[in-house]
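Q: Next one to model:
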Amino acid sequence: MASDEATTSVRVDSWIWSVRLTKTRSLAAAACRAGHVRVNGDRVKPAQAVRPGDEVRLRHAGRERIVVVSRLVRKRVGAAVAAECMVDKSPPPPPPEALAAVPRRDRGTGRPTKRDRRELERLRDV
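A: Numbers count the residues shown, from 1 in each chain. This is a model prediction of the structure:
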């Protein structure tokens with residue numbers, strides 16, 4: 001059996017899952033099919049090969065991750081090893097305070113009236 005170091009390329013969905021950017025390989029493949037994964041600027045299918053030095057962009061969980069492949073792995077590895085397999089160039093996640101708060105209605109007040117809806121729309125346009 002050849003070691004991971006001897007391989008020259010790995011499927012992009014497998015690599016994304018192996019370095020813990022997604023929770024499952026099927027989520028990684030679904031992200032590829034949906035167009036949320038780019039390798040060197042091009043949208044890719046799940047079977048696209050990645051090599052060391054490739055830049056992988058992944059939109060997942062409301063943020064964009066930008067990583068450069070530094071080492072290839074085929075099987076899921078621990079977090080410490082996964083950090084060695086990529087160079088993370090992602091912008092820092094926004095602080096929780098910066099995220100827009102979703103307006104919540106009091107429990108039991110029912111659906112918003114037409115007046116309430118118009119007031120909400122007026123607030124959102126500002």
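Q: Neighbouring strands of the helix or strand encompassing Arg65 in the sheet, and parallel or not?
A: Using DSSP states H and E, Arg65 maps to strand 63-69. With DSSP bridges as the test, strand 63-69 is paired with strand 55-60 (antiparallel), strand 86-88 (antiparallel).
Q: Only the buried residues of it, if you could.
A: 65, 67, 69 (16 or more other CB atoms under 10 Å). C-betas here are computed from N, CA, C, even on glycine.
Q: just checking, the second one touches Pro52?
A: Read it as Val67. No: taking contacts as CB atoms under 8 Å, Val67 lies outside contact range of Pro52: 12.0 Å.
Q: Using CSV, list the CA coordinates for the worst-scoring helix or strand of the chain on mean pLDDT.
A: Lowest on mean pLDDT, DSSP states H and E among the helices and strands of the chain sits helix 114-125, with a mean of 88. Taking Å, rounded to 0.1, in the frame of the first residue of the first chain, the C-alpha atoms of helix 114-125 are listed here in CSV:
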residue,chain,number,x,y,z
LYS,A,114,-49.8,44.2,8.2
ARG,A,115,-48.7,47.3,10.2
ASP,A,116,-46.0,45.2,12.0
ARG,A,117,-44.7,43.9,8.7
ARG,A,118,-44.5,47.4,7.2
GLU,A,119,-42.6,48.7,10.2
LEU,A,120,-40.2,45.7,10.0
GLU,A,121,-39.6,46.4,6.3
ARG,A,122,-39.1,50.1,7.0
LEU,A,123,-36.4,49.2,9.6
ARG,A,124,-34.6,46.8,7.2
ASP,A,125,-34.4,49.4,4.4
